[in-house]
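In: When you get a sec, could you give me coordinates for this:
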Amino acid sequence: MVDYSRFLPNAHRPGKINPMPNMPINLRRLAMLMGIVVLVFVIMGFNARIEEYNRQTKQVATVRAQATQVMETQLALQTQVAYSNSTTAVEEWARTDGHYIRDGDLPVVPIGKMGSTSVSASTPTPIPTPLSNWQVWWNLFFGE
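Out: Sure, this is the predicted structure:
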């Protein structure tokens, strides 16, 4: 005769005592559960710190690029100031915008005849060349 009682739960085995009648609290399991919870919180904090580090790294790169642009702008402005304080810049302005002349130069001012109207050259409008159908489709798909 075969004993099938070994396949039944402990409560149905005759003569056997159920070792966990109401699942008593096991200190080892409780410690492992608390350790897992603490580990989850530590990993979450570490992840938040890594995200903050990445954000600040991107911000540092942006600020460095802006600082480089500011330094280049400052250098360009300093170059312009140095040129504007030079005698060549003053002479260039005096001849072009100030309309001054040097000693020995002969000023020439063009004057038109009294009562005559100036002739304005009109630009002829170009006549568009007609395109064939295949050229129109070619331009639509491939541009030109």
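In: Find the residue at the geometric middle of the protein.
Out: residue 62 (8.7 Å; Cα atoms, centre = their mean).
In: I'd like the distance from stretch 112-122 to the chain centre, please.
Out: Taking Cα atoms, centre = their mean, to the nearest Å, one finds the center of stretch 112-122 at 56 Å from the center of the full chain.
In: mean confidence for that stretch?
Out: In this model, stretch 112-122 has an average pLDDT of 73.
In: for that stretch, how far is the first residue from the last?
Out: In stretch 112-122, first residue to last residue: 20 Å (Cα to Cα, to the nearest Å).
In: What would stretch 124-143 look like as CSV? C-alpha coordinates only.
Out: Taking Å, rounded to 0.1, in the frame of the first residue of the first chain, the C-alpha atoms of stretch 124-143 are listed here in CSV:
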residue,chain,number,x,y,z
PRO,A,124,13.7,96.1,-68.1
THR,A,125,11.6,93.3,-66.6
PRO,A,126,12.8,89.9,-67.7
ILE,A,127,10.4,87.8,-69.7
PRO,A,128,9.8,84.4,-68.2
THR,A,129,10.6,81.5,-70.4
PRO,A,130,7.9,78.9,-70.6
LEU,A,131,8.8,75.5,-69.3
SER,A,132,7.7,72.2,-70.6
ASN,A,133,5.7,69.9,-68.4
TRP,A,134,8.5,67.5,-67.7
GLN,A,135,10.7,70.5,-66.5
VAL,A,136,7.9,71.7,-64.2
TRP,A,137,7.6,68.2,-62.6
TRP,A,138,11.4,67.9,-62.4
ASN,A,139,11.5,71.2,-60.5
LEU,A,140,8.7,70.1,-58.2
PHE,A,141,10.3,66.9,-57.2
PHE,A,142,14.0,67.7,-57.3
GLY,A,143,14.1,71.5,-57.0
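In: before we move on, the earlier item: mind checking the SS state of the residue nearest to the centre of the chain?
Out: helix (DSSP: H, G, I helix; E, B strand; the rest coil).
In: residue boundaries of the strands in this structure?
Out: Applying DSSP state E to the chain gives no strands.
In: any weak-confidence spans in it?
Out: Within the chain, the segments meeting pLDDT under 70 span 1-24, 118-119, 144.
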